[in-house]
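Engineer: Here is a sequence together with a model predicted from it:
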Amino acid sequence: MNFFLETLKVLFLTIYLLFESIILWFIPSRRKNVSGELVLITGAGSGIGRLISLEFARLGATLVLWDINEEGNKETSQLAKKNGAVRVHTYTCDCSKREAVYKVADQVKKEVGDITILINNAGIVTGKKFIDSPDTLVEKTMQVNVMAHFWTCKAFLPAMMASNHGHLVSIASSAGLIGVNGLADYCASKFAAVGFAESVGLEMLALGKTGVKTTIVCPYFINTGMFDGCTTKWPRLMPILEADYASKKIVDAILKEQVYLVMPRSLYLIFAVKNMMSVKLGVLLGDYFGAFHFMDHFKGRVKKD
Ligand SMILES: NC(=O)c1ccc[n+]([C@@H]2O[C@H](COP(=O)([O-])OP(=O)(O)OC[C@H]3O[C@@H](n4cnc5c(N)ncnc54)[C@H](O)[C@@H]3O)[C@@H](O)[C@H]2O)c1
C-alpha cells in the first residue's frame with residue numbers, strides 16, 4: 001500500500017476507534033467467567049495479593065498462591081477457603097531468585113497444571129533517597145519488582161501461547177509512569193515492569209495470540225502498610241486508596257480484559273499533562289501536587305519480630 005492510501009486508512013480507523021471508545025464508555029463491559037481458570041498470584045501473603053486472591057476465590061477460580069512469607073500465604077489460603085475457594089495451592093517461593101521461580105513453576109505445572117491467569121504482584125520498596133539506598137536493597141527491588149516478571153512469564157507464557165488462552169497481569173504502580181522524589185529504585189523497577197508488560201502484550205498481538213490478554217495496573221498509594229507514613233497533599237484529588245477498593249477495581253479490570261488501570265482517575269489527567277507540557281511546567285505542577293514530599297514521612301511496613 002502506498003503512503004497516501006495507508007495514511008488515509010489510519011486516519012479513517014483513528015476516527016472510527018475514537019467513536020468506538022466514546023460509545024463503549026457508556027456501555028457496560030462484558031466480564032469474563034474465571035471459574036475453572038488457574039490463577040497464580042505472587043505476593044499473595046498480604047496486602048493487595050491477599051485481597052485479589054479472595055476475590056478470585058469468590059469467583060470460583062483455582063488459586064495458586066506464591067509468597068516468600070509462608071505464614072502469610074497459609075493465612076491467605078485459609079481465608080480463600082472461607083470465601084468459597086475449592087482448590088487452593090500454596091507455594092513458598094522467593095521470586096527474586098530466577099532458579100527458585102523456575103523450580104516452583106515446574107512443581108506447579110506437575111501438581112496443578114498450566115497457569116491461565118498470571119498475576120505478578122509481589123513487590124518491595126526501599127523508601128530512601130537513592131544515594132542512601134543500600135546496593136543490596138536496590139538490587140533486590142529490581143529482582144522482585146521486575147525481573148521476577150521475566151522469569152514467571154518465561155515459565156508460564158509458553159502454555160498460554162500454545163492454547164492461545166491466558167492473561168498476564170502486572171501490578172506495577174503510578175510510580176511506573178512518573179518519577180517520584182525518594183523512590184528512584186522503586187520507580188526504575190516499576191517503569192521497567194510497565195515497559196515489559198506493554199511490550200510482551202504487543203508481542204502477543206504481533207504473533208496473532210489475541211487470546212493472551214494483558215492488564216497493567218498503576219495505582220497511587222494504597223493503605224496496605226507498604227507505604228505507611230506517606231502523605232498526599234490534596235486527598236480529594238489524589239486520595240490514598242483503600243486496599244479493598246483497589247483490589248476490587250483490579251479484579252474488575254482483569255475480568256473486563258482492560259489493558260491499563262490507573263487509579264485514582266485524576267492521574268490520567270496528570271500523566272497527559274506531564275507528557276504534553278514543558279519540563280519546567282511539569283516540575284511546577286509536580287510540586288503543586290506534592291510530588292516532592294510524598295516520601296518525607298515514609299515508615300513502610302514495620303517488620304514483626
Ligand atoms: N501499597 C501501595 O501503596 C502500592 C501502590 C502501588 C503499587 N503497589 C504494588 O502493589 C503490589 C502489592 O503491594 P502491597 O501494598 O500489597 O504490599 P505488601 O507488602 O502488603 O505485599 C507484598 C507481598 O509480596 C511478598 N514478597 C515480597 N518479596 C517477595 C519475594 N522475594 N518473593 C515472593 N514474595 C515476596 C511479601 O511477602 C508480601 O506478602 C506491589 O508490587 C507494590 O509495589 C503498591
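Structural biologist: Sure thing, it's come through.
Engineer: longest single strand anywhere in this structure?
Structural biologist: Scanning the chain for the longest strand, with DSSP state E as the assignment, gives strand 212-219.
Engineer: Counting by contacts, list what the helix or strand just after that one packs against.
Structural biologist: Moving toward the C-terminus from strand 212-219, the next helix or strand (DSSP states H and E) is helix 243-255. Packing contacts for helix 243-255, counted by 3 or more C-beta pairs under 8 Å, 6 or more residues apart in numbering; DSSP states H and E, involve helix 47-58, strand 166-171, strand 212-219, strand 260-263. To be clear about C-beta, it is placed using only N, CA and C from the backbone, and glycine gets the same treatment.
Engineer: Show the average pLDDT along helix 243-255.
Structural biologist: Averaged over helix 243-255, pLDDT sits at 98.
Engineer: And that helix, what's buried?
Structural biologist: For helix 243-255, burial by neighbour count (16 or more other C-beta atoms under 10 Å) applies to 243, 246, 247, 249, 250, 251, 253, 254, 255.
Engineer: Give me the angle between that helix and strand 166-171.
Structural biologist: Calculated by axes from the mean of the first three to the mean of the last three C-alpha atoms, to 10 degrees, helix 243-255 forms an angle of 150 degrees with strand 166-171.
Engineer: Contact partners for the closest residue to residue 57 other than its chain neighbours?
Structural biologist: The shortest distance from residue 57 to any non-neighbouring residue, by C-beta to C-beta, 6 or more residues apart in numbering, is to residue 85 (3.6 Å). Contacts for residue 85 were tallied using C-beta atoms under 8 Å, 6 or more residues apart in numbering; they are 56, 57, 61, 62, 63.
Engineer: shouldn't the second one be in contact with residue 87?
Structural biologist: No: counting by C-beta atoms under 8 Å, residue 87 is not a contact partner of residue 57; they are 9.8 Å apart.
Engineer: what is in contact with these two at once?
Structural biologist: In contact with both residue 57 and residue 87: residue 63, using C-beta under 8 Å, 6+ apart.
Engineer: Neighbour count: those two, which is higher?
Structural biologist: Taking other C-beta atoms under 10 Å, residue 57 and residue 87 do not tie; residue 57 has more neighbours (24 against 15).
Engineer: What segments of the protein are strands?
Structural biologist: Going by DSSP E, the chain shows strands at 38-42, 62-67, 88-92, 117-120, 166-171, 212-219, 260-263.
Engineer: In contact with the residue in the stretch 51-200 of the chain that the ligand sits nearest to, which residues?
Structural biologist: Of all residues in the stretch 51-200 of the chain, residue 123 sits closest to the ligand, at 2.2 Å by C-beta to the nearest ligand atom. Contacts for residue 123 (C-beta under 8 Å, 6+ apart) come out as 43, 144, 145, 171, 173, 226.
Engineer: do the same with residue 52
Structural biologist: By C-beta under 8 Å, 6+ apart, the contact set of residue 52 is 41, 44, 119, 121, 247, 250, 251.
Engineer: which residues does the first one form a beta bridge with?
Structural biologist: Beta-bridge partners of residue 41, counted by DSSP bridges, are residue 65, residue 119.
Engineer: and it, how many neighbours does it have?
Structural biologist: Using other C-beta under 10 Å, residue 41 has 29 neighbouring residues.
Engineer: Now do it against residue 258, distance only.
Structural biologist: According to C-beta to C-beta, to the nearest Å, residue 41 stands 18 Å off from residue 258.
Engineer: swap in the last one?
Structural biologist: Spatial separation of residue 251 from residue 258 under the definition C-beta to C-beta is 11 Å.
Engineer: pLDDT score for residue 148?
Structural biologist: Residue 148 is assigned 98 on the pLDDT scale.
Engineer: wait, doesn't it sit right on residue 66?
Structural biologist: No: using C-beta under 8 Å, residue 148 is not in contact with residue 66; the gap is 9.6 Å.
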